[in-house]
Every structure is written in structure tokens, then in C-alpha cells.
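# Task: produce atomic coordinates for the following.
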Amino acid sequence: MHFPITSKQNAAARLIFGASRHIHITPLLRSLHRLPVRERIAFRLAVLVYLCLQLRMSDVGSRQRLRSTTTSLLVGRRTQRATIGDRAFATAAPAVWNSLPEDVQSSTSLPVFRRRLKTELYRCSIVPQTLSVTDTFL
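From the prediction side, this is the model:
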């Protein structure tokens, strides 16, 4: 899927480096350590989920332990076809969260989580794998 902002991000990278439109954009984005748009969306979704889970854990506190706290997987809505519903928070956020490695999910603070998450997303965007974090929802 092509996002309209992708072309703006690519144009900004070309402007910074003074590159022509015929130069491939990936090496330029790599040298800027800039996440592609898909990964930036995944980053923001994952941070929102992390904050929601931290808020829920602080509300529960030490009074009781939820059964869902023993696992880090979330349950999302299922859609039958690829539609705009697949991009809804209730569907996309659990898909992104569940695709993250355990060490990223179990981060102890927001700055640590953000650093690990960005490293993971950057690694997935630079070294394509069979299934990356962003392939699960976009």
C-alpha cells in the first residue's frame, strides 16, 4: 500500500542529499536512520498499546493478578476481507503487538520500549524477512 506521505518523505530525503528522482530512495532513508511510513505507523500503534497496557497494569496494581497478564498476546477483531476495518485500532494494534519479539514487549519503561521497538522496526525494514511486523496489519 502506498501512503500519500511516503512521497513527501522521499522528496525530503532527496532534498537533503541533493539527489535526483532517479536515485533509489532506500539507501538515502537508511543513512538518515528514518523509518519508512509503514514502520512509523507500526511504531505509533505499538507505543499506544504499550501505554494502554501500562495504564491497565497500574489500575490493577497488586490487588489482583489478571489471567491475561501471564501472556503478552492480545486478541483482536477478525475481518473476513481486506478492508478499512483491518486498519482500525481494534484490529491493527493487536496484530502489531503480537508480532513484536518478547524482549520488546517486556520492556520495563517507555524509553526502553521505544528504543527497542525502533531498533526492531528499523531492522525489519532494512533486512526484509519472510514476515515482518508491518506485514501483519498493512
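# Output stretch 95-102 as PDB, nothing but the C-alphas.
In PDB, the C-alpha atoms belonging to stretch 95-102 read as follows (Å, rounded to 0.1, in the frame of the first residue of the first chain):
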ATOM      1  CA  ALA A  95      -1.700  -7.600  15.200                       C
ATOM      2  CA  VAL A  96       1.300  -5.200  15.600                       C
ATOM      3  CA  TRP A  97       1.800  -6.000  19.300                       C
ATOM      4  CA  ASN A  98       1.500  -9.800  18.800                       C
ATOM      5  CA  SER A  99       4.200  -9.700  16.100                       C
ATOM      6  CA  LEU A 100       6.800  -8.000  18.300                       C
ATOM      7  CA  PRO A 101       9.500 -10.100  20.000                       C
ATOM      8  CA  GLU A 102       9.100 -10.800  23.700                       C
END
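# Give me the buried positions along it.
Using 16 or more other Cβ atoms under 10 Å as the test for burial, stretch 95-102 gives Ala95, Val96, Trp97, Asn98, Ser99, Leu100. To be clear about C-beta, it is placed using only N, CA and C from the backbone, and glycine gets the same treatment.
# Tell me which residues touch the nearest residue to Tyr122 once chain neighbours are set aside, please.
Excluding the flanking residues, the one nearest Tyr122 by Cβ to Cβ, 6 or more residues apart in numbering is Leu35, at 6.1 Å. Leu35 sits next to Phe43, Lys118, Leu121, Tyr122, Ser125 when contact means Cβ atoms under 8 Å, 6 or more residues apart in numbering.
# Report the mean confidence score over the host helix or strand of Thr91.
Assessed by DSSP states H and E, Thr91 sits inside helix 89-98. For helix 89-98, the mean pLDDT works out to 85.
# again with stretch 125-134
Here stretch 125-134 scores 56 as its mean pLDDT.
# same check, this time on stretch 14-32
Mean pLDDT, computed over stretch 14-32, is 87.
# what does that stretch rub up against?
Contacts for stretch 14-32 (Cβ under 8 Å, 6+ apart): Gln9, Asn10, Ala13, Pro36, Ile126.
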